[in-house]
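# no sequence on hand, only this structure:
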């Protein structure tokens, strides 16, 4: 699959959600560097191992690990 950028739409169907969408993490990975702890998605989003994100416009999304949610208590 050819690499795309934030300004070039993805070439697969269905199209990936834009980086500004709440579903932005559902975009396909086009570059992956697990040894460095990051990947770039088709929509230009950089996602990091700690679940932080960097939007194409430079805005930061703080890490949001599942452990940040309150623990479920079994009854």
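Ah, there it is. Predicted model, so just to flag it, every value in this text is computed and none were measured.

# so who does residue 23 touch?
residue 17 (Cβ atoms under 8 Å, 6 or more residues apart in numbering). From N, CA and C alone the C-beta is placed, and that goes for glycine too.

# how near is it to residue 35?
27 Å (Cβ to Cβ, to the nearest Å).

# list the contacts of the one residue sitting closest to the centre of the chain.
With distances taken as Cα atoms, centre = their mean, the residue of the chain nearest its centroid is residue 25 (3.7 Å). By Cβ under 8 Å, 6+ apart, residue 25 lies in contact with 41, 45, 47, 53.

# tell me which of these is nearest to residue 15?
residue 41 (12.4 Å; Cβ to Cβ).

# I'd say the closest one and residue 24 touch.
Yes - with contacts counted by Cβ atoms under 8 Å, residue 41 reaches residue 24, the gap being 7.4 Å.

# partners of residue 48 in the sheet?
Residue 48 has these beta-bridge partners by DSSP bridges: residue 38.
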